[in-house]
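Chemist: Below is the sequence, then the predicted model.
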Amino acid sequence: MANEKDEFKLEEGLELLEEKIEALEDEDISLEDSFKIYKEGMELIKKCNDHVDRVEKQIMMLDEEGE
């Protein structure tokens, strides 16, 4: 699973999130499908946030080390 986190690309995650938003905006979407897509989107947001947090921590460590 660590490899999955390492392979995650923020740009791809944001593109997938945009697709989820577009799907939710479809007037013909069923309530069941909208809940499923919403849940997937929330999981994707968490994954994106985790990725950003890791990068921020790495930057802070570099700043503290003077690099």
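Modeler: Cool, got the structure.

Chemist: how about the residue nearest the centre of the chain, what does it touch?
Modeler: Of all residues in the chain, the one closest to the mean position by CA atoms, centre = their mean is Cys48, 3.0 Å from it. Residues counted as contacts of Cys48 (CB atoms under 8 Å, 6 or more residues apart in numbering) are 10, 13-14, 17. All C-beta atoms are positioned from the backbone trio N, CA, C, and that covers glycine.

Chemist: at 7 Å what do you get?
Modeler: By CB atoms under 7 Å, 6 or more residues apart in numbering, Cys48 lies in contact with 10, 13-14.

Chemist: So it, which state does it fall into?
Modeler: With DSSP: H, G, I helix; E, B strand; the rest coil as the basis, Cys48 sits in helix.

Chemist: what about Ile29, distance to Ile21?
Modeler: In this structure, Ile29 lies at 12 Å from Ile21, with CB to CB, to the nearest Å as the measure.

Chemist: Ignore what I typed, I meant Glu27.
Modeler: With the distance defined as CB to CB, Glu27 ends up 14 Å from Ile21.

Chemist: Check His51 too.
Modeler: Following CB to CB, the distance that separates His51 from Ile21 is 19 Å.
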